[in-house]
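Student: here's my sequence, what's the structure:
(4 chains, ligands or ions: 4)
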There are 2 protein chains.
Amino acid sequence: MNPTYESLKQELLNQDIKLSHQRLKILEFMASNVIHPTVDQVYQALHHEIPTLSKTTVYNTLNLFVEVGLCITLATEENEIRYDIHTFPHGHFKCKKCNQVYNVDIDSHAFTSKDLAHFEIHHQEVFYKGICEKCLLIQKL
Amino acid sequence: MNPTYESLKQELLNQDIKLSHQRLKILEFMASNVIHPTVDQVYQALHHEIPTLSKTTVYNTLNLFVEVGLCITLATEENEIRYDIHTFPHGHFKCKKCNQVYNVDIDSHAFTSKDLAHFEIHHQEVFYKGICEKCLLIQKL
DNA sequence: TTTCTTGTTTGTAATCATTACAGTCAATAT
DNA sequence: ATATTGACTGTAATGATTACAAACAAGAAA
Ligand SMILES: [Mn+2]
Ligand SMILES: [Mn+2]
Ligand SMILES: [Zn+2]
Ligand SMILES: [Zn+2]
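Tutor: Ligands and ions are numbered 1, 2, ... in the order given. Coordinates of the predicted model:
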């Protein structure tokens, strides 16, 4: 279900994008940490390993990934952009306690509204907020 | 269906919030312009009429409205916050051509995902992007 | 009426995420 | 070796939002 690092790398090659060290490290991070990170989270995670890494490079790279369809962006209400390596249609749930963003399987056909009958729909986003199961259990202790 | 200016004003009174000139003007704008405006749009629309109006006041007032449940916020992907006077559950569609944000009736029961069976859901947001009917017609000319 | 109190509004400065830009660097081709 | 191209970096600029303190307005108390 999760896209593999190897298949994503191949996709970059297919699109004639050079496999630079920084790009591969960022791609690897996105593929193995499915946490919908912000640019800063990616930067913080990698700049120990790549001390010369610039935050601008993280911006450039993630926005490049979005352009070529390897990532999508997620707008949370906190006025910050998060990046998601999963590009197939799915929804999200953000926990108000632990701030974790979960993936949610949704039936995309349940969402056709007759208000949009003559509209051209390119993209849909379903976003839930509330308290996750883990945090609910902690609350009850 | 749309909340009236009078009922919203009454709600402020019920919550012991003073009906200052600025608050009433901003409330009136929100009630009669259902365009999901940004803070700047509200400010631009009103500062001719109220030359002393400060953008800080628009921020303070709209955030106050959100706190007391008169407005909700909308996160579009452009990293800007929009304010909505409609607080009942509904979805949105943003046109990529004209940037207009439409309200969309949705069946909120279509949204139960079994992934969230043991989660506590406080809020849900459904957001579409694409091209609206008007812009599609223009395109065909 | 004057003074006091409380909450509102204002303007400026600070913050934070993001983007623009220009110089540097690295890989490859000639 | 030199030239070309694109990637990376650091710094500066931008734009939205928030913090904060002074000014203001309205009503209550004296
Ligand atoms: Mn996701
Ligand atoms: Mn709406
Ligand atoms: Zn949680
Ligand atoms: Zn349109």
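
Student: is the lengthiest strand in chain A positioned near ligand 3?
Tutor: The single longest strand within chain A, with elements called by DSSP state E, is strand A:120-131. No: judged by CB under 5 Å from the ion, strand A:120-131 and ligand 3 are separated, with a smallest distance of 6.0 Å. The C-beta positions use only the backbone N, C-alpha and C, and glycine is treated the same way.

Student: what strands line up against that strand, and which way round?
Tutor: Strand A:120-131 has its sheet partners listed here by DSSP bridges as strand A:91-95 (parallel), strand B:120-131 (antiparallel).

Student: can you count the residues close to the residue in chain A positioned nearest to DNA strand D?
Tutor: The minimum distance from chain A to DNA strand D, using CB to the nearest atom of the strand, falls at A:S20 (2.9 Å). Look at A:S20: counted by other CB atoms under 10 Å in any protein chain shown, it has 12 neighbours.

Student: which phi and psi values does it adopt?
Tutor: phi -70, psi 160 (degrees, to the nearest 10).

Student: ok, now A:N14?
Tutor: According to degrees, to the nearest 10, A:N14 has phi -60, psi -30.

Student: who's the most centrally placed residue in chain A bridged to?
Tutor: The centroid of chain A falls nearest to A:D84 when counting by CA atoms, centre = their mean (1.1 Å). With DSSP bridges as the criterion, A:D84 is bridged to A:I72.

Student: gap between it and A:T38?
Tutor: Distance of A:D84 to A:T38, computed by CB to CB, to the nearest Å: 11 Å.

Student: might one say that A:K94 is in contact with A:V126?
Tutor: No: judged on CB atoms under 8 Å, A:K94 makes no contact with A:V126 at a distance of 11.9 Å.

Student: just the helices in chain A please.
Tutor: A:5-14, A:21-32, A:39-46, A:55-67, A:133-140 (DSSP state H).

Student: these into CSV, with extra columns for mean pLDDT, distance to B:S54 and mean neighbour count?
Tutor: Putting these into CSV (pLDDT from 0 to 100; distance: least, CB to CB, whole Å; neighbours: other CB atoms under 10 Å in any protein chain shown) gives the following:
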stretch, mean pLDDT, distance to B:S54, mean neighbour count
helix A:5-14, 94, 48, 14
helix A:21-32, 97, 42, 18
helix A:39-46, 96, 31, 17
helix A:55-67, 97, 33, 17
helix A:133-140, 93, 39, 12
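
Student: now do the contacts for the residue nearest to A:G91 when sequence neighbours are not counted.
Tutor: Among residues not flanking A:G91 along the chain, A:V126 sits closest, at 3.5 Å (CB to CB, 6 or more residues apart in numbering or on different chains). A:V126 sits next to A:91-92, A:104, A:106, A:111, B:111, B:124-127 when contact means CB atoms under 8 Å, 6 or more residues apart in numbering or on different chains.
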